[in-house]
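>>> kindly return the folded structure for what I paste below:
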Amino acid sequence: MNVRRSAAALAASAVLCAGAAPAALAAPSPSTPPAPVIPSGLFGKKDPTYDGVWRQSFALLAQQTVGVKPAVEAVDWLAGQQCANGGFASFRADAAAACDDKTMFDTNATAVAVQALKALGGRDAAVKKGVDWLKSVQNEDGGWAFVPGTPSEGNSTSIVISALAVAGEKPAEVKSKAGKSAYEGLLAFQLGCAAEPAADRGAFGYQPAPDGKLPANADATAAAVLAGLGQGSVVSPSATDTPATAPACPAGAADPAAAAQGAAGYLAETLKKDGHLTAVTPGADQPTPDTGNTADAVIALAAAGHKQSAAAALEWLKTNSAEWAKDSPAALGTLVLAAHATGTDPKSFGGTDLVTALNATGPVSQTSEAAESKTKKSDSKDDSNIWWIVGAGLAAGMGIGVLLSGRRKKNQL
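Reported below is the predicted structural model:
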């Protein structure tokens with residue numbers, strides 16, 4: 001998840017900076033850029049330029065999943081980010097301005113927004129427009145790219161397929177102008193018998209390297225499991241639980257569900273090494289723990305019916321995810337969904353109440369407002385009862401006083 005958003009930022013930066021290269025050669029300005037203005041309905045306090053819609057969608061999905069009714073302004077903000085053609089950009093600072101040919105449309109943002117709006121209900125028109133737009137930017141090979149019009153890649157293809165499935169579409173029937181289905185586009189990214197090393201069989205890749213080889217990519221693999229199973233990010237705990245097995249050769253052939261199980265087998269085997277996934281970050285000499293993709297892998301394995309294969313990674317997340325998820329709506333939302341998928345209490349996740357932490361990053365939910373209103377009414381009622389008791393006590397005291405006074409007078413006669 002965090003890798004996907006980083007890739008989005010790089011892709012957007014590359015496009016935006018292409019026409020500004022000469023200016024980059026000038027002396028840097030000593031002025032400090034202004035702090036980003038955070039809309040009142042948006043979750044999170046960090047710059048939303050590259051992940052506004054993404055983090056909002058995951059926050060709302062997580063709240064809805066655990067029974068928290070999101071704030072109206074939060075839902076309205078997300079819906080308001082949609083362009084007239086149905087697509088979403090990563091973030092639009094001025095949602096009142098019409099989208100145009102300069103708008104950086106984002107298939108990933110559109111796909112997760114479709115999932116969130118579908119889950120929340122009451123936004124059927126927006127969901128349909130989002131689905132229609134996603135279909136309109138499908139590449140001829142059946143897949144999708146993060147930026148429409150660029151080559152397909154495993155991540156975006158998987159994310160879009162999950163959104164289509166959640167919206168009620170049949171990915172096998174969603175075909176490009178060249179007649180290639182969404183699943184044909186997806187399966188082209190799976191490593192099969194020729195994978196080197198052999199341990200990479202079953203994995204999915206992001207895009208081929210310059211030498212033409214397709215490297216295994218954990219982020220693409222976790223997303224592909226959900227896509228192959230026709231599931232979205234919200235995964236209900238499975239009634240069955242079997243250990244994942246290393247994928248046989250060929251990995252998945254033309255069967256998306258079999259391909260998903262092969263990908264799950266790859267994730268399970270990879271997790272056995274450290275109990276979590278790793279990644280080499282820019283500037284680092286050694287691989288470091290990849291918390292975001294580990295959470296995605298847990299969700300994927302749970303979706304494939306292999307909760308026990310995700311157990312060690314889940315425990316690792318409970319112990320090691322706090323700093324990564326701090327004040328991050330997308331990260332907290334992902335952990336809530338991982339807890340939900342495995343039947344774990346998100347309010348007691350390694351000593352952290354994920355739901356409370358998530359709620360604190362955004363506008364007050366309708367659930368919290370209702371609870372606060374109920375508490376105030378209860379307090380008001382309790383106060384009334386207290387004053388009634390006090391009044392009754394005073395009245396009783398006055399009665400006793402009158403009685404004693406009468407007795408004293410009688411005794412004096």
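
>>> wouldn't Thr344 be in contact with Leu314 here?
Yes - between Thr344 and Leu314 there is a contact at 6.8 Å, judged by C-beta atoms under 8 Å. Yep, even glycine has a C-beta here, placed from its N, CA and C like the rest.

>>> all strands for the stretch 151-300 of the chain, in order.
Assigned by DSSP state E, counting those that start in this stretch, the stretch 151-300 of the chain shows strands spanning 278-279, 288-289.

>>> buried deepest among those, which one?
Highest mean neighbour count of the strands of the stretch 151-300 of the chain: strand 278-279, a mean of 17 (counted as mean count of other C-beta atoms under 10 Å).

>>> against Leu229, how distant is the residue nearest the centre of the chain?
For the chain, Phe58 is the residue whose C-alpha lies nearest the centre (C-alpha atoms, centre = their mean; 3.0 Å). According to C-beta to C-beta, to the nearest Å, Phe58 and Leu229 sit 19 Å apart.

>>> ok, Leu78 next?
For Leu78 relative to Leu229 (C-beta to C-beta), the value is 26 Å.

>>> okay, those two: which has more neighbours?
Leu78 (28 against 22; other C-beta atoms under 10 Å).

>>> didn't that one look like it was pressed against Leu61?
No - using C-beta under 8 Å, Leu78 is not in contact with Leu61; the gap is 10.5 Å.

>>> list residues touching both of those two?
Listed as contacting both Leu78 and Leu61 by C-beta atoms under 8 Å, 6 or more residues apart in numbering are Ala116.

>>> follow-up on the earlier one: looks to me like the residue nearest to the centre of the chain is in a helix.
Yes - counting by DSSP: H, G, I helix; E, B strand; the rest coil, Phe58 is found in a helix.

>>> burial check on the closest residue to it other than its chain neighbours, number of neighbours?
Distance criterion C-beta to C-beta, 6 or more residues apart in numbering; nearest residue to Phe58, sequence neighbours excluded, is Gly333 at 3.5 Å. As a burial measure, Gly333 scores 29 neighbours (other C-beta under 10 Å).

>>> now do the helix or strand encompassing Gly333, average pLDDT.
According to DSSP states H and E, Gly333 maps onto helix 329-341. Across helix 329-341, pLDDT averages out at 98.

>>> could you do stretch 164-181 as well?
pLDDT averaged over stretch 164-181 gives 98.

>>> now stretch 113-122
Stretch 113-122 comes out at a mean pLDDT of 98.

>>> give me the contact list for stretch 144-157.
Contacts of stretch 144-157 (C-beta under 8 Å, 6+ apart): 4, 7-8, 11-12, 15, 104-108, 111, 134, 137-139, 141-143, 159-160, 182, 185-186, 188-189, 204-207, 217, 219-221, 223-224, 227.

>>> swap in 7 Å and give it another go.
If you take C-beta atoms under 7 Å, 6 or more residues apart in numbering as the criterion, stretch 144-157 is touched by 4, 7-8, 11, 15, 105-108, 137-139, 141, 143, 160, 185-186, 189, 204-207, 217, 219-220, 223-224.

>>> quick one: buried ones out of those residues?
4, 7-8, 11, 105-108, 137-139, 143, 160, 185-186, 189, 204-207, 217, 219-220, 223-224 (16 or more other C-beta atoms under 10 Å).
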